[in-house]
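Asker: Structure for this input, please:
(one chain, ligands or ions: 2)
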Amino acid sequence: MKDTIILGIESSCDDTSAAVLRGSEILSNIIAGQAVHELFGGVVPELASRAHQENIVPVVSTALSEAGIQLEDVDAIAFTQGPGLLGSLTIGTSFAKALALATNKPLVPVHHMKAHILAHFIDDASEMKPSFPFLCLTVSGGHTQIVRVDNPLQMEVLGNTIDDAAGEAFDKAAKMLDLPYPGGPLIDKYAQLGNAQAFQFSKPRIEGLNFSFSGLKTSILYTIRDQVKLDEQFKETHLNDLCASIQNSIVSILMDKIEKAVKETGINCVVIAGGVSANSELRKRLSAKMEHGWKVSIPKFSYCTDNAAMIAMAGKFLFESGVRADQSVSAQARLAW
Ligand code: KG4
Ligand code: ZN
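Answerer: Ligands and ions are numbered 1, 2, ... in the order given. Predicted coordinates for the structure are as follows:
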């Protein structure tokens with residue numbers, strides 16, 4: 001039997017992406033980022049939709065040509081239905097619907113956060129594939145969750161952030177340090193050269209498996225404000241130590257809860273997904289858990305931040321289990337799990 005070929009389309013935030021998947025192998029994964037948001041210190045939804053509209057046709061045609069696949073060879077078109085920015089999602093959704101109508105191909109709606117998790121099943125995503133059931137720490141710019149995954153189509157959210165997401169905490173802290181958006185990767189970079197114990201910030205005390213980052217944000221803000229009063233150059237001269245201490249605090253919050261989840265569920269196969277899973281300290285601390293008997297799967301960098309390869313992979317699972325959308329489907333900024 002011939003391998004299924006899926007065209008995946010992602011446009012939930014500020015990356016326009018298209019990918020072609022054959023079986024579980026990625027043939028192409030094209031991502032057009034949007035530098036325009038750097039000027040504003042965060043994603044400007046109106047500008048994001050406009051850029052998606054400009055990028056989507058060239059991104060999809062490059063994905064097909066790089067994969068060496070004709071549109072008629074594609075078995076289904078998978079697209080991100082939500083969650084995300086409505087204007088951004090609408091561009092990808094409308095494009096996918098039009099393409100499906102024009103080519104008479106099945107249309108498969110994908111949940112962006114579930115796709116981050118299912119990225120692990122792409123052939124070259126990680127050295128070790130997770131085995132069911134497993135726990136996923138899903139950490140991105142908009143979400144921070146612990147998810148129990150029983151099979152590709154059955155997932156349950158065990159814990160959620162009650163305020164900011166982990167990526168948001170990184171980005172807001174970076175903004176306080178006058179770093180451009182998105183600040184997460186820059187904090188990671190400068191942290192490599194700093195002392196993680198240099199500054200202590202407050203730790204949240206939140207019940208169960210839920211997360212909170214707003215107290216930490218305030219604590220970082222006050223520390224910087226007080227120190228800048230004493231020394232105007234404080235942020236510049238202590239940048240590396242500040243980044244290392246901030247990163248250490250955020251990663252400790254994440255690790256504490258995932259440790260608790262492993263204890264409570266008895267499931268010791270743990271994976272990470274979402275943009276913040278690119279963070280080197282989180283990857284290091286999680287990998288170290290293998291010495292304590294955990295089975296850990298860490299995805300390749302290119303499958304951590306937003307990409308259409310994961311949409312195609314999730315789309316394949318859904319397509320093969322018969323999930324289809326018709327032309328009445330619409331983008332959903334808040335798509336339920
Ligand atoms: O999953 P993603 O690409 O987009 C969303 O769906 O939100 O995640 C983006 C987030 C941003 O907040 C970015 O700062 C963060 O992931 N991020 C990182 C790193 N790389 C990306 N945060 C910390 N360390 C990194 N290396
Ligand atoms: Zn994402």
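Asker: Check what contacts stretch 70-78 and list those residues.
Answerer: 4-9, 20, 64, 96, 99-100, 103, 105-110, 311-312, 314-316, 318-319 (Cβ atoms under 8 Å, 6 or more residues apart in numbering). Glycine gets a C-beta too; all of them are placed from N, C-alpha and C.
Asker: Export only the CA atoms of that stretch, formatted as PDB.
Answerer: Output in PDB follows, covering the C-alpha atoms of stretch 70-78 (Å, rounded to 0.1, in the frame of the first residue of the first chain):
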ATOM      1  CA  GLN A  70       2.600  17.400  -7.400                       C
ATOM      2  CA  LEU A  71      -0.700  18.700  -5.800                       C
ATOM      3  CA  GLU A  72      -2.500  15.800  -7.400                       C
ATOM      4  CA  ASP A  73      -0.300  13.300  -5.400                       C
ATOM      5  CA  VAL A  74      -1.500  14.700  -2.100                       C
ATOM      6  CA  ASP A  75      -4.000  12.600  -0.200                       C
ATOM      7  CA  ALA A  76      -5.300  15.300   2.200                       C
ATOM      8  CA  ILE A  77      -4.800  18.900   3.200                       C
ATOM      9  CA  ALA A  78      -4.300  19.400   6.900                       C
END
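Asker: got the buried residues for it?
Answerer: V74, D75, A76, I77, A78 (16 or more other Cβ atoms under 10 Å).
Asker: Now, those that are in strands?
Answerer: A76, I77, A78 (DSSP state E).
Asker: any idea which helix or strand carries the closest residue to the last one other than its chain neighbours?
Answerer: In other words, A78. Nearest residue to A78, sequence neighbours excluded (Cβ to Cβ, 6 or more residues apart in numbering): G315, at 2.3 Å. G315 is located in helix 308-320, with elements delineated by DSSP states H and E.
Asker: Report the separation between the nearest residue in space to K172 that is not next to it in sequence and D164.
Answerer: With Cβ to Cβ, 6+ apart as the criterion, K172 has its nearest non-adjacent residue at 5.7 Å, and that residue is K217. K217 sits 7 Å away from D164 when distances are taken as Cβ to Cβ, to the nearest Å.
Asker: Overlap of the contact sets of these two?
Answerer: K172.
Asker: In the stretch 201-337 of the chain, what residue lies closest to ligand 2?
Answerer: Closest contact between the stretch 201-337 of the chain and ligand 2, by Cβ to the ion, is at D306 (4.5 Å).
Asker: Backbone dihedrals for the closest residue to that residue other than its chain neighbours, both of them.
Answerer: Leaving out its chain neighbours, the residue that sits closest to D306 by Cβ to Cβ, 6+ apart is D15, at 4.5 Å. Main-chain torsions, D15, degrees, to the nearest 10: phi -120, psi 130.
Asker: Test my guess that D15 contacts G33.
Answerer: Yes: counting by Cβ atoms under 8 Å, D15 touches G33, with 5.5 Å between them.
Asker: Who has more neighbours out of these two?
Answerer: Neighbours per residue (other Cβ atoms under 10 Å) separate D15 from G33, with D15 holding more: 22 against 16.
Asker: mind listing what A67 touches?
Answerer: V20, R22, L27, S28.
Asker: Report whether the helix or strand harbouring the first one contacts ligand 2.
Answerer: Using DSSP H and E, the element containing V20 is strand 16-22. No: counting by Cβ under 5 Å from the ion, no contacts exist between strand 16-22 and ligand 2, the nearest distance being 10.5 Å.
Asker: buried set for the helix or strand following that strand?
Answerer: Later in the chain than strand 16-22, the nearest helix or strand by DSSP H and E is strand 25-32. Residues I26, L27, S28, N29, I30, I31, A32 are the ones in strand 25-32 that count as buried (16+ other Cβ under 10 Å).
Asker: Same check on stretch 196-203?
Answerer: So for stretch 196-203, counting by 16+ other Cβ under 10 Å, buried means A196, F199, F201.
Asker: Give me the contact list for that stretch.
Answerer: Under Cβ under 8 Å, 6+ apart, the answer for stretch 196-203 is 215-216, 218-220, 223, 238, 241-242, 244-249, 252-253.
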